[in-house]
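S.K.: Sequence isn't available, so here's the structure alone:
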């Protein structure tokens, strides 16, 4: 249903006199209407031309306000990405509340950066903001630079997208031709993207886990309005850290979580097949689900969501929805599965095993990571980094620079719920290297279906940051005990299936390749191969710890 009335290019004057541009779509009828606000750097017009998108809020009886953030499109001021703009947001929310067409009950929607703007809005505490529904975005302060010590080369792609007043075409640069350019200091120049914020990122002026961009644990604890968080399993899993922090909020009992079987785009339009895998059981109308949440807090309407448990989580493996009062499952126990081999766990042709009781005849495996020939995470930079990724990870597991550990076929189903982690003993011949881990479900037909995207930023560690934010070069030849967090899962490995752990040192082009030197990542022009050895013995008990839910407990 088209809007009954549209107010184009409304000018919202904020604290410093700059004017933010907004379009307002109003339903039929005299009003006033509960109001939904979306703040975006991507151009407000894109949200008005998709009849299946957020513009449907008008059909549900809301005034829908789409606002360009500062410095973007028709809004005034200077655009500085990833810096909290709570004062701008306060002005926008309170302006909307004062309009004659608004009831003064304001909610917010949107995903990715549009979700980040919601967190920045809520900590400004505008009095008329009643609820928010951010999707697929992190936003909690990290203890390490870049979250895990590994810079993201992906950010140049994003910075190009938002380098002008209007959104740029992501496929225009020749990404594949130039993505290996060194030094990274001049990577933007090589692509002809000198207007991007890449130099600010290299200098540490923009850091996506810094105080400037993120909320602290104390910020989340002070949140006192309901929040609906949405994300997909093959999407930005930093979102789960936000959900965890939100459990200490004043409004925690009124906060909700939705995790589906989709990628980044699936938050608004889930697809039935993702990466070649049938996920049709997870298809749902996410916008309608969000509206039920909004109706409860902006209209006082009691819809189905009001009586449902707080968490709706898709259970992969069994391909069905779970409704839970708490997630991750509080009954999960961390159970170790040990790495073992006969001395060569490289690739699918190797002899690496995951076992419940350590029984190796060999005590280690090595692989050589050559950053000049890195493993690829299959990011489609002409489209988007999380766009329909291949979920059968055998294309990576066939590589000789990847260690593979596979269990025997399971005699009974195994349910895991929460975040797994790796405790590993590792040695390198270089003062620095990276380590990534991935977990896949190996089907009887051989498919190895990954439980998270291969470019998941949190499933890796730059090892000079192994002890925290102060980098310590590794001493070549020294064995280090390192703990790595893996991805979040809610999954059943069926009887007859096998577990597979993948360890490797590259996730290119999403992340910056490790040169093996421990020097400034932006300046180096030489990449050194790194020989990395993983130890597993009764002395060095490397293992993956899985959050296992006992049979019958779920």
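M.R.: Received the coordinates, thanks. None of these values were measured; they are calculated from a predicted model.

S.K.: Would you tell me which helix is longest in this structure?
M.R.: helix 86-98 (DSSP state H).

S.K.: And the contacts of that one?
M.R.: Contact with helix 86-98 is made by 12-16, 18, 20, 22, 35, 37, 39, 63, 65, 67, 69-70, 102, 104, 106, 117, 120-121, 123-129, as judged by CB atoms under 8 Å, 6 or more residues apart in numbering. No exception for glycine: its C-beta is placed from N, CA and C like everyone else's.

S.K.: Could you do stretch 263-270 as well?
M.R.: 52-54, 111-112, 135-136, 230-232, 234-236, 260-262, 271, 274-275, 279, 282-284, 286-287, 384, 386-389, 453.

S.K.: Buried ones among the contacts of helix 86-98?
M.R.: 12, 14, 18, 20, 22, 35, 37, 39, 63, 65, 67, 69-70, 102, 104, 106, 117, 120-121, 123-124, 126, 128-129 (16 or more other CB atoms under 10 Å).

S.K.: Check the protein and tell me which residue is nearest its centre.
M.R.: The C-alpha lying nearest the average C-alpha coordinate of the chain belongs to residue 236 (CA atoms, centre = their mean; 1.3 Å).

S.K.: Could you give the separation between the terminal residues of stretch 263-283?
M.R.: Taking CA to CA, to the nearest Å as the measure, stretch 263-283 stretches 12 Å from start to finish.

S.K.: in it, what's buried?
M.R.: Here stretch 263-283 shows 263-268, 270-271, 274-275, 277, 279, 282-283 as buried, counting by 16+ other CB under 10 Å.

S.K.: can you list contacts of the following helix or strand past the longest helix of the chain?
M.R.: Where DSSP states H and E defines the elements, the next helix or strand beyond helix 86-98 is strand 102-111. Outside strand 102-111, the residues that touch it by CB under 8 Å, 6+ apart are 31-40, 54, 57, 63, 93, 96-98, 117-118, 121, 126, 128-137, 230, 264, 267-268, 290, 294, 297-299.

S.K.: So which of those residues belong to helices?
M.R.: 93, 96-98, 117-118, 121, 290, 294.

S.K.: Output those residues in JSON lines, with distance to residue 518 appended to each entry.
M.R.: Shown next, in JSON lines, are the ones in helices among the contacts of strand 102-111 (distance: CB to CB, whole Å):
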{"residue": "93", "distance to residue 518": "46"}
{"residue": "96", "distance to residue 518": "50"}
{"residue": "97", "distance to residue 518": "52"}
{"residue": "98", "distance to residue 518": "55"}
{"residue": "117", "distance to residue 518": "36"}
{"residue": "118", "distance to residue 518": "38"}
{"residue": "121", "distance to residue 518": "40"}
{"residue": "290", "distance to residue 518": "45"}
{"residue": "294", "distance to residue 518": "49"}
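
S.K.: What subset of those is buried?
M.R.: Buried residues within those, counting neighbours by 16+ other CB under 10 Å: 93, 96-97, 117-118, 121, 290, 294.

S.K.: Let me know the closest of these to residue 441.
M.R.: Set against residue 441, the nearest of those by CB to CB is residue 290 (29.7 Å).

S.K.: quick one: that closest one and residue 459, what's the gap?
M.R.: Distance, residue 290 to residue 459, using CB to CB, to the nearest Å: 28 Å.

S.K.: still on that earlier bit, any idea of the mean pLDDT in the longest helix of the chain?
M.R.: For helix 86-98, mean pLDDT is 98.

S.K.: Name the nearest residue to the residue nearest to the centre of the chain, ignoring sequence neighbours.
M.R.: Excluding its sequence neighbours, the residue lying closest to residue 236 (CB to CB, 6 or more residues apart in numbering) is residue 136, at 5.1 Å.

S.K.: hang on, the earlier thing: so which of the buried residues of stretch 263-283 belong to strands?
M.R.: 274, 277 (DSSP state E).

S.K.: mind putting the buried residues of stretch 263-283 in JSON lines, distance to residue 192 included?
M.R.: Shown next, in JSON lines, are these (distance: CB to CB, whole Å):
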{"residue": "263", "distance to residue 192": "29"}
{"residue": "264", "distance to residue 192": "26"}
{"residue": "265", "distance to residue 192": "27"}
{"residue": "266", "distance to residue 192": "32"}
{"residue": "267", "distance to residue 192": "32"}
{"residue": "268", "distance to residue 192": "32"}
{"residue": "270", "distance to residue 192": "36"}
{"residue": "271", "distance to residue 192": "34"}
{"residue": "274", "distance to residue 192": "33"}
{"residue": "275", "distance to residue 192": "32"}
{"residue": "277", "distance to residue 192": "37"}
{"residue": "279", "distance to residue 192": "38"}
{"residue": "282", "distance to residue 192": "40"}
{"residue": "283", "distance to residue 192": "40"}
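
S.K.: what would the buried residues of stretch 263-283 look like in TSV with distance to residue 166 and pLDDT?
M.R.: Shown next, in TSV, are the buried residues of stretch 263-283 (distance: CB to CB, whole Å; pLDDT from 0 to 100):
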residue	distance to residue 166	pLDDT
263	25	90
264	21	88
265	21	87
266	26	88
267	23	91
268	21	91
270	28	93
271	28	92
274	30	92
275	31	89
277	35	93
279	34	95
282	34	96
283	32	97
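
S.K.: Pull the most distant pair out of the buried residues of stretch 263-283.
M.R.: Checking the buried residues of stretch 263-283 with CB to CB, the most distant pair is 268 and 277, at 19.9 Å.

S.K.: which intervals of the chain have sub-threshold pLDDT?
M.R.: Residues of the chain meeting the criterion pLDDT under 70: 1-2, 143-144, 385-387, 552-554.

S.K.: how does it divide into domains?
M.R.: 5-152+208-324, 153-207, 333-549 (automatic domain parsing).

S.K.: my guess is residue 425 meets residue 479, correct?
M.R.: Yes - contact criterion CB atoms under 8 Å: residue 425 and residue 479 qualify, at 5.5 Å.

S.K.: For the two, list the residues in contact with both.
M.R.: With CB under 8 Å, 6+ apart as the test, residue 425 and residue 479 both reach 535, 540.

S.K.: more crowded one of the two?
M.R.: Comparing residue 425 with residue 479 by other CB atoms under 10 Å, the one with more neighbours is residue 425, at 20 against 16.

S.K.: Let me see the backbone angles for that one.
M.R.: When read as degrees, to the nearest 10, the backbone of residue 425 gives phi -100, psi 120.

S.K.: so residue 189, which of the three states?
M.R.: Secondary structure of residue 189, reduced to three states by DSSP: H, G, I helix; E, B strand; the rest coil: helix.

S.K.: Actually, residue 395.
M.R.: helix.

S.K.: Report the secondary structure element holding the residue nearest to it when sequence neighbours are not counted.
M.R.: With sequence-adjacent residues excluded and distances taken as CB to CB, 6+ apart, residue 395 is closest to residue 378, at 7.5 Å. Assessed by DSSP H and E, residue 378 sits outside every helix and strand.

S.K.: the helices in the stretch 201-350 of the chain, which residues?
M.R.: 217-221, 238-246, 286-294, 304-307 (DSSP state H, counting those that start in this stretch).
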